[in-house]
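# 3D model of this:
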Amino acid sequence: MPTDLIDRARTAVHDRAELPGMTLMEHLEELRTRLLWIFGYLAAGFVVAWLLRNQMVGYIQKPLLDIGLKMTMTHPTDAINFFVKTSLVGGAILASPFILYQVWLFIAPGMYSNEKKFVLPFMAATVGLFLAGTWFGYRYVLPGAMVFLVQDFGKNFTHMITIDDYTGFFLAVILGLGITFELPILIFFLSLFGIVDAKFLLKHFRYAIMAIFLVAAVICPDPSPVGMCLFASPMLALYFVGVGVAFFVHPDRRKKRQQKKDAAKGTV
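Now for the predicted structure:
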């Protein structure tokens, strides 16, 4: 499998060698410009999130409040650290559409003109899938984890859940699931560049299952099999969504569709 994938990647790179090139300095200048815009958007997002910091406390603490607990402050700087950390993450989420557009602008010179039309679907799908992942984590995984870990296994103990510990757990679940929901986007780019196709993904499905559960084991804050399965299940479903994406966007498939269109025009 690895050799097959490497050969496909080499072929994809070779096929794009004919695209108009940029010098190293032009690449570095372009990267500098995009990074400056990204930092600017992050700063603006942080300011907006900071202004909403008090509302975010209730939002973040709700899964804990639902089981009758609150975060515990154990150090004078816990509150300010909490506000800064959550404002940074919230600002990054708010600014993500603008950041993704800068990323797209950076990689666009290495794409064919007919591939650049995917910018709007790419933006919508990337943001939508990330938000879907965070919603899934907030709506199902976090409440379930709180009941499972605190009320069930922790019922015989006194609960003192600190701000730092709970915030780390909350962000691990929310961001972890948000990122894992981006799996179809990864497959989209691999397929767009001709590195993988639907047949390849289905053929090596057993390797994908192993990789998905390994990723779930790493990013899941709950070490139990139940928690790992909660992370892995949507990833498996999204893998098959990615198979469908690969079927439609692979260069060979798009060439065949274009040939059919050209043939249909020729017969008219």
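
# where in this structure is pLDDT low?
Residue ranges of the chain with pLDDT under 70: 1-22, 24, 110-116, 118, 221-224, 227, 250-268.

# Report the separation between the most centrally placed residue in it and Leu238.
Residue closest to the average C-alpha location in the chain (CA atoms, centre = their mean): Ile179, at 2.8 Å. From Ile179 across to Leu238, the span is 11 Å (CB to CB, to the nearest Å). All C-beta spots, glycine's among them, are computed from the backbone N, C-alpha and C.

# now do Ala44
Distance from Ala44 to Leu238, counting by CB to CB: 30 Å.

# for the nearest residue to Phe188 once chain neighbours are set aside, what are its contacts?
Nearest non-adjacent residue to Phe188, counting by CB to CB, 6 or more residues apart in numbering: Val245, 5.1 Å away. Val245 sits next to Pro184, Ile187, Phe188, Ser191 when contact means CB atoms under 8 Å, 6 or more residues apart in numbering.

# same thing with Ala211?
Neighbouring residues of Ala211 by CB under 8 Å, 6+ apart: there are none.

# Find the helix or strand that it is a member of.
In this structure, Ala211 sits in helix 205-219 according to DSSP states H and E.

# and the angle from the very next helix or strand once past that helix to helix 205-219?
Next helix or strand after helix 205-219 toward the C-terminus (DSSP H and E): helix 225-249. Orientation check (axes from the mean of the first three to the mean of the last three CA atoms, to 10 degrees): helix 225-249 against helix 205-219 gives 130 degrees.

# What residues sit buried inside helix 225-249?
For helix 225-249, burial by neighbour count (16 or more other CB atoms under 10 Å) applies to 227-228, 230-232, 234-236, 238-239, 241-243, 245-246, 249.

# Also stretch 206-217?
Buried residues in stretch 206-217, counted by 16+ other CB under 10 Å: Ala208, Ile212, Phe213, Val215, Ala216.

# now, which of these sits nearest Asp66?
For the buried residues of stretch 206-217, the minimum distance to Asp66 (CB to CB) is 24.7 Å, reached by Ala216.

# Contact partners for the closest one?
Contacts for Ala216 were tallied using CB under 8 Å, 6+ apart; they are Thr180, Met228, Cys229, Phe231, Ala232, Met235.

# separation between it and Leu183?
On the measure of CB to CB, Ala216 and Leu183 end up 12 Å apart.

# Can you report how many residues lie near Phe83?
Using other CB atoms under 10 Å, Phe83 is surrounded by 16 other residues.

# I figured Leu88 was touching Phe46, is that so?
Yes - if you go by CB atoms under 8 Å, Leu88 and Phe46 touch, sitting 5.9 Å apart.

# Compare the two (neighbour count), which wins?
When Leu88 and Phe46 are compared for neighbours, Phe46 comes out ahead with 19 against 15, by other CB under 10 Å.

# and that one, what helix or strand is that in?
Using DSSP H and E, Phe46 sits in helix 24-51.

# Repeat that for Ile107.
With secondary structure defined by DSSP H and E, Ile107 is part of helix 78-107.

# list the contacts for the nearest residue to Gly242 once chain neighbours are set aside?
Nearest in space to Gly242, with sequence neighbours left out and distances taken as CB to CB, 6+ apart, is Ile187 at 3.3 Å. Going by CB under 8 Å, 6+ apart, Ile187 touches Val196, Leu201, Tyr239, Gly242, Val243, Val245, Ala246.

# Max pairwise distance over those: which two?
Farthest apart among these by CB to CB are Val196 and Tyr239. That separation is 11.7 Å.

# Phi and psi next, for Thr72.
Main-chain dihedrals, Thr72, degrees, to the nearest 10: phi -110, psi 130.

# Surely it and Ile161 touch.
Yes - counting by CB under 8 Å, Thr72 does reach Ile161; the two are 6.1 Å apart.
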